[in-house]
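Enquirer: I would like the atomic coordinates for the input below:
(2 chains)
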Amino acid sequence: MERKPIYLDYSATTPVDPRVAEKMIPYLTEHFGNPASRSHTYGWTAEKAVENARDEVAKLVGADSREIVWTSGATESNNLAIKGAAHFYAASKGKHLITIATEHKAVIDVVRELERQGFEATFIEPEPDGLVDLAKFNAAIRPDTVLASVMLVNNEIGVIQDIESIGKICRENNVIFHVDAAQATGKVKIDLETLPVDLMSFSAHKTYGPKGIGALYVRRKPRIRIEAQMHGGGHERGMRSGTLPTHQIVGMGEAFRIAREEMELENARIRKLRDRLLAGLQTIEETYVNGDLARRVPHNLNISFNYVEGESLIMAVKDIAVSSGSACTSASLEPSYVLRALGRSDELAHSSIRFSLGRFTTEADVDYTIELMKSKIGKLRELSPLWEMFKDGIDISKVQWAAH
Amino acid sequence: MTSVFFDHNSTTALKTEVLEAMLPFMVNQQGNASSRHSFGRAARTAIEHAREQVATAVNAQPSQVLFTASGTESNNFAVQGICSNLEKGQILTSAVEHPCVSRPALAMQVRGWQARSINVDANCNVDMNDLQALLAMPTNLVSVMLANNETGAIQKIPAIGELARQHKAYMHTDAVQALGKINVDFAALNVHAMTISSHKIGGPLGAGALVLDKRVDIQPLLYGGGQERGLRSGTENIPAIVGFGAACELAIKNLATFAHHTLHLREVLEAGLAKLNATIFGSESKRIPNTSFFAFPNIEGETLVTALDKKGFAVASGSACSSDSSEPSHVLLAMGVDEDLARGAVRVSFGANNTMEQVQHFLAVLESELVRLRNLTAIAA
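Expert: Sure, this is the predicted structure:
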């Protein structure tokens, strides 16, 4: 039988924790009611489960459960937050938006759509370490800035933005502040009671919960208003209509409960594994870590292997499941726009690999990966004329290539 | 604890075969369908298989099926997405639509479109003369549901679609309550877009689809990673989509049996209701076989369903989705039903597992509850 590849792509999606699956299944079978059904026990049981899960999600992030709105995932949360608040406040505040060039597509493409609708947007370039310069952020604010959106943890390079400071700047300037935290839950402590954040997006399937469910935090004090994007039965206090998928909500609640209880220990364990992986890979010549190493979640390691062609690299490491760019766009051969924004060359961006570790990663997985990378990179470089030139001391950037 | 479920138009229990199809994708096999490694490719294959199952069930092409998270999302997507790319005109929806069709139309009105409602007759059928008259004004979209969730009335969609086409309007139908209960043929319905949902046919909550004629230029509701041909971004909910596909296949396989069985149950139910002097709404109309919507004069629907729940029968007092409104059903008011009688409305919607014994027991319980409630009312008065 073919050996299953080692899964090191936890930032694309995580397996559902068996404890989560176990909690979900009864709500697929015996407790199958529609939580909006008010006339019978099936409905009430489902509704109660939905509200318990809402409490768990709120607890992980220091929110009030009334501030949690269910969605179908972080993409919908980002769409609802950004379009919903921009439309609601455009008349009173203005039509300028600020975001970061390294945001997830589910933020960037929403902002682009708003531009088509007549909004203006500033895309701040991060520093080479992936972090946002606060002075640059401050300078981007205009009198008509209505909303800023900055992700807490980057999906490709794992860096953690200084949300607290950025949020303070937003407060001082009366700008609505949205944070995409899809990659952060269970990895970074989030306390919305103290964080100056107005809207925050969450996803279940990046935190060992099921796909198809997410949430949006909408601050109550001071109260933030959003325009609904989906209209209908008036679920979720009118902010988001649609029958609630009880089993998925139960799964998200359980996943977030586990995250709250176990994140401290788990992060320490994963950090050790990541550091072991990093130490092992750094024995390979000409490797570059992308993004700041210190202000970064322990789960992520994004490395470029110089003088290796990106596509052949991916083909060569089939025994491990990794990403060479964000999973959501990795069907395209464009170099990662995130790495490009850090100032990486096309070549280095192409030859990057994102290793993302998680709950079920073992030391043996890491050691296997190190050996695999060493051997494959060695072989690919043996075939590479560029590597040969580099070894001969030729500065490739100065080579005048003949046109053909 | 409730034991008899007569509320299958609100949601259905997951079929065992569907759960079995989903489980491997819930617990073992993981992967983001956009990832290129083997985990991702397995997820992609599963989604495309489900797309074929859904397409086959409604006689559409797989490339016409766009997966969403729900019927509500599909309806919002159709109404907002189709109209947004057109020069502002009218949006016509029938007076008995589910709110997730009529409310997006009203939201478009805020953005400069005109939302107008098409009248229905006393049997819940669209008034073709009214539609014809409304279509005199430039119209972007006509949206009429295939089967009504409350009365079960089936609309003449091909004829309505024809009229819409003659006036160069797009036609959308919400077929959520029709799928699995009657034959749903996208090609024959003469529509540009059609909404279907998984959890009404023994599939899981969390999956729906918009079946769309590819010539329609639709604007996405959700932007991001570019999934579903760039028309619906968001990581695919693989287990739910797999379950939806399996449920579609089963629903079509079992369609004839389901229709025959539930129709038989309804005939017995309605014969019993007639003896108790109930008014049955839309009974003159062609209806989906599993649904009966009725009322008794001077009996509050809410009171009756609560009493029935205590006796072990889960029924609905109107649309489950209109959460906590105590307003009488907008469907009944549109049909011209007296407001007081409308407040008494109770909906029974059968599923494949309901039995004749349950129906007979229900009728007996209903009769005694009616006597009890009437006595209470008499004392109070």
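
Enquirer: quick check, stretch A:107-118 touching chain B?
Expert: Yes: shown here: stretch A:107-118 in contact with chain B (Cβ under 8 Å from any Cβ of the partner chain) through A:Asp109, A:Val110, A:Arg112, A:Glu113. (C-beta placed from N, C-alpha, C; glycine too.)

Enquirer: So the residue nearest to B:Ala46 when sequence neighbours are not counted: helix, strand or coil?
Expert: Excluding the flanking residues, the one nearest B:Ala46 by Cβ to Cβ, 6 or more residues apart in numbering or on different chains is B:Val242, at 5.2 Å. Assigned state for B:Val242: helix (three-state reduction, DSSP: H, G, I helix; E, B strand; the rest coil).

Enquirer: and B:Val242, how many neighbours?
Expert: Neighbours of B:Val242 under the rule other Cβ atoms under 10 Å in any protein chain shown: 28.

Enquirer: just B:Val120 next, same as before
Expert: Per other Cβ under 10 Å, the neighbour tally for B:Val120 reads 25.

Enquirer: In contact with it, which residues?
Expert: With contact set as Cβ atoms under 8 Å, 6 or more residues apart in numbering or on different chains, B:Val120 has these partners: B:Ser94, B:Ala95, B:Val96, B:Val126, B:Asp127, B:Ala334, B:Met335.

Enquirer: now, among the residues you listed, which is nearest to A:Arg257?
Expert: Using Cβ to Cβ, B:Val96 comes nearest to A:Arg257 of these, at 42.3 Å.

Enquirer: What segments of the stretch 1-150 of chain A are helices?
Expert: Taking DSSP state H, counting those that start in this stretch as the test, the helices found in the stretch 1-150 of chain A are A:18-28, A:41-60, A:74-93, A:105-116, A:134-140.

Enquirer: now the angle from the helix or strand harbouring B:Asn76 to helix A:74-93?
Expert: Per DSSP states H and E, B:Asn76 falls inside helix B:71-84. Taking axes from the mean of the first three to the mean of the last three Cα atoms, to 10 degrees, one finds helix B:71-84 and helix A:74-93 inclined to each other by 50 degrees.

Enquirer: any idea of the mean pLDDT for helix B:71-84?
Expert: Computed over helix B:71-84, the mean pLDDT rounds to 98.

Enquirer: what do you get for stretch A:276-286?
Expert: The model assigns stretch A:276-286 a mean pLDDT of 97.

Enquirer: With stretch B:179-192 instead?
Expert: Throughout stretch B:179-192, pLDDT has a mean value of 97.

Enquirer: for it, the distance to its chain's centre please.
Expert: A distance of 13 Å separates the centroid of the chain from that of stretch B:179-192, by Cα atoms, centre = their mean, to the nearest Å.

Enquirer: Can you give me the buried ones in it?
Expert: B:Leu179, B:Gly180, B:Lys181, B:Ile182, B:Val184, B:Phe186, B:Leu189, B:Asn190, B:Val191, B:His192 (16 or more other Cβ atoms under 10 Å in any protein chain shown).

Enquirer: would you turn those into CSV with secondary structure and distance to A:Gly251?
Expert: CSV is the format used below for the buried residues of stretch B:179-192 (DSSP: H, G, I helix; E, B strand; the rest coil; distance: Cβ to Cβ, whole Å):
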residue, secondary structure, distance to A:Gly251
B:Leu179, strand, 26
B:Gly180, coil, 26
B:Lys181, coil, 30
B:Ile182, strand, 33
B:Val184, coil, 31
B:Phe186, helix, 32
B:Leu189, helix, 36
B:Asn190, coil, 40
B:Val191, coil, 35
B:His192, coil, 36
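
Enquirer: from those, which is closest to A:Asp191?
Expert: B:Leu179 (45.3 Å).

Enquirer: Give the buried residues for the top helix by length along chain A.
Expert: Longest helix in chain A by number of residues (criterion: DSSP state H): helix A:246-281. Burial within helix A:246-281, assessed by neighbour count using 16+ other Cβ under 10 Å, is assigned to A:246-260, A:263, A:266-267, A:269-270, A:273-274, A:276-278, A:280-281.
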